[in-house]
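# fold the following and give me the result.
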Amino acid sequence: MQLLISLALCSVWAALLWPASRLLLRKVSGLKQWPAFYWWLLALCFLPLLPLPQLSQQWLVPSVLLQDTLNAVHTFSAQPAHPALKQSPAFFQQYWPGLLLLLLMMVSAWQLWRVWRQWQRLQQLIALTEPVAPASLLSPAQLTEMPQGVEFRQTSAALSPFTAGWRHRVVVVPAYIWQMPLAQRRLLLAHELMHLQRQDPQQLIVLRLLVAVCWFIPTLKQLEQAFLQSIELAVDQAVLAKQPELAALYGQTLLNSLKFSHGGSLSALTAAFIHDKADQGFYQQRLQQLFVRPVSLSAGQRWRLGGMFGCCALLLHVSSSVLSYNEPPQQWGLPVDKPVISSFYAEQHPIRQNRPHQGLDFAAASGAAVRASQQGKVLIADASSLNSRYGKVVLIDHGHGYQTLYAHLNAFSVTAGQQIAAGGQIGTVGTSGRVTGPHLHFELLRNGAQQDPAKYLPLQP
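Alright, predicted model coming up:
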């Protein structure tokens, strides 16, 4: 359940980050030519998945629960359960979080299958191309700078030149490039070689997989399109940084490619010179930056911007942690539905050798859901950490010295170290430990001392 809430928060948080990032891009124009900005933004989108740090919290098991004495939980008697309590919880009510998570995983698997199909179609497209000698395309200087293990191929389709691949990288050029002047042809190839040097094809594959798995965050799709445009702007700038006098020629190369490329769309797994999904404004921006060079971010500015992202994320994360534990628990929920108390706090009985009872016993049918009375962190969820009389037991720390204990469980729905929301199911009623019948033994501790739970729980008079 907690994971589902975190995933929903990721979607909401990403939707809030996106307009903020667009505002930042308008204020700092150099960010448009810095693709790493979108990786920082992507990392921030998943901030709600990180566990909240528990500030000023000491996760301690009270010593009173560790004493192997008869003052701990002893043999209890459980009154016969009310007939209404013998009904098992509804299937959907009990398992809907798992079913919803399974549905999310199934859709993610389907999205990954679609990416695999895109990859297969891309490989089929490449298989229809013909090898071409790099020396016929590149200048001697470009040949010396060409990365190792790169294959050049030619297609008859009127597509944009593109690069693709992970280990085996391919540069595919259309046949129409031979109609372009030699200088334009080499500028176009310089663009594709720069994609390889920056490892853009690999980045696009990773981003495409993340978008597929996290399909429930619609903002990631917009982020992917913005990243595609950002790497083209960055590569244009990098190519002209070595030869700025060729800006006009580069613009003519871009216009000629737009005129010739009309044979269909390319996969998002490729870094292409021309993007069929880009609008006219994007190409106007590319042409404009050829002649009005934007102010690039220096290495120091990038480090400072990255540090700012990290500090903001840490501040937000710590603030969320502080807010989650800003006040002691005020309202406590019932650990079982329709509670029937079979043994009260401090009650003395011969079966316990007249020693005071340290909690409340709730008579309930075996298998009935047991829920957390308050949000907190699960410290124990096993049958071995405490006295064997407890059987299967869950101990939850709620902060500010409050803890609750749930004993004689039949099964667990949580694990130690897990955060649990108020009302979240932690297990089911059972007969583990020393008991005479199915029931829940519930204790509430404050600063290590047992309290009367009846003073905290909303019990009917």
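
# show me where the stretch 1-150 of the chain has helices.
In the stretch 1-150 of the chain, the helices defined using DSSP state H, counting those that start in this stretch lie at 2-27, 36-45, 63-66, 91-127, 140-145.

# and the ones you listed as a markdown table, adding distance to Asp397, mean pLDDT and mean neighbour count?
Where C-beta positions appear, they are placed from N, C-alpha and C, glycine not excepted. Formatted as a markdown table, the helices of the stretch 1-150 of the chain follow (distance: least, C-beta to C-beta, whole Å; pLDDT from 0 to 100; neighbours: other C-beta atoms under 10 Å):
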| stretch | distance to Asp397 | mean pLDDT | mean neighbour count |
| --- | --- | --- | --- |
| helix 2-27 | 16 | 80 | 14 |
| helix 36-45 | 29 | 84 | 19 |
| helix 63-66 | 12 | 69 | 14 |
| helix 91-127 | 23 | 85 | 13 |
| helix 140-145 | 60 | 85 | 11 |
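
# CSV please, covering those helices and showing distance to Arg355.
Shown next, in CSV, are the helices of the stretch 1-150 of the chain (distance: least, C-beta to C-beta, whole Å):
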stretch, distance to Arg355
helix 2-27, 38
helix 36-45, 55
helix 63-66, 13
helix 91-127, 36
helix 140-145, 84
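
# closest to Lys259 out of these?
Of all the helices of the stretch 1-150 of the chain, helix 91-127 sits nearest to Lys259, with 21.8 Å by C-beta to C-beta.

# for the closest one, packing partners?
The contact analysis (3 or more C-beta pairs under 8 Å, 6 or more residues apart in numbering; DSSP states H and E) places helix 91-127 against helix 2-27, strand 169-174, helix 200-213.

# picking up where we left off before, Val171: which of the helices of the stretch 1-150 of the chain is closest?
Closest among the helices of the stretch 1-150 of the chain, using C-beta to C-beta: helix 91-127, at 10.4 Å.

# quick one, domains of this structure?
Per automatic domain parsing, the structural domains of the chain span 2-52+306-324, 63-87+331-455, 103-295.

# between those domains, which one is nearest to Pro97?
Comparison of the domains of the chain against Pro97 by C-beta to C-beta identifies domain 2-52+306-324 as nearest, at 5.9 Å.

# ok, back up a step: mind putting the helices and strands packed on helix 91-127 in CSV, distance to Gly427 included?
Shown next, in CSV, are these (distance: least, C-beta to C-beta, whole Å):
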stretch, distance to Gly427
helix 2-27, 16
strand 169-174, 53
helix 200-213, 31
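
# closest to Pro458 out of these?
helix 2-27 (23.9 Å).

# check the offset of the closest one from the chain's centre.
12 Å (C-alpha atoms, centre = their mean, to the nearest Å).

# for the remainder of this discussion, apply numbering that starts at 55.
New numbering, starting at 55: the last item is helix 56-81.

# quick one, it and helix 145-181 angle?
50 degrees (axes from the mean of the first three to the mean of the last three C-alpha atoms, to 10 degrees).

# which elements pack onto helix 56-81?
Checking 3+ C-beta pairs under 8 Å, 6+ apart, helix 56-81 ends up next to helix 90-99, helix 145-181, helix 273-296.

# give me the residues contacting the next helix or strand along the chain from the last one.
Counting by DSSP states H and E, the next helix or strand C-terminal to helix 273-296 is helix 301-314. Residues external to helix 301-314 that are found in contact with it (C-beta atoms under 8 Å, 6 or more residues apart in numbering): 212, 214-215, 228, 230, 233-234, 237-238, 241-242, 290, 293-294, 327-328, 337, 340-341, 344-345.

# can you list the buried residues in helix 301-314?
Ala301, Leu303, Tyr304, Gly305, Gln306, Thr307, Leu308, Asn310, Ser311, Phe314 (16 or more other C-beta atoms under 10 Å).

# equivalent analysis for stretch 312-322, please.
Phe314, Ser315, Leu320, Ser321, Ala322.

# pLDDT on that stretch, on average?
The average pLDDT within stretch 312-322 is 75.

# can I get it in PDB, CA atoms only?
The C-alpha trace of stretch 312-322 is given here as PDB (Å, rounded to 0.1, in the frame of the first residue of the first chain):
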ATOM      1  CA  LEU A 312      14.300  19.100 -43.900                       C
ATOM      2  CA  LYS A 313      13.500  19.200 -47.600                       C
ATOM      3  CA  PHE A 314      14.700  15.700 -48.400                       C
ATOM      4  CA  SER A 315      13.500  13.900 -45.300                       C
ATOM      5  CA  HIS A 316       9.900  12.900 -45.700                       C
ATOM      6  CA  GLY A 317       9.900   9.100 -45.800                       C
ATOM      7  CA  GLY A 318       8.400   8.300 -42.400                       C
ATOM      8  CA  SER A 319       9.100   8.500 -38.700                       C
ATOM      9  CA  LEU A 320      12.000   7.100 -36.700                       C
ATOM     10  CA  SER A 321      12.000   5.300 -33.400                       C
ATOM     11  CA  ALA A 322      12.600   7.300 -30.200                       C
END
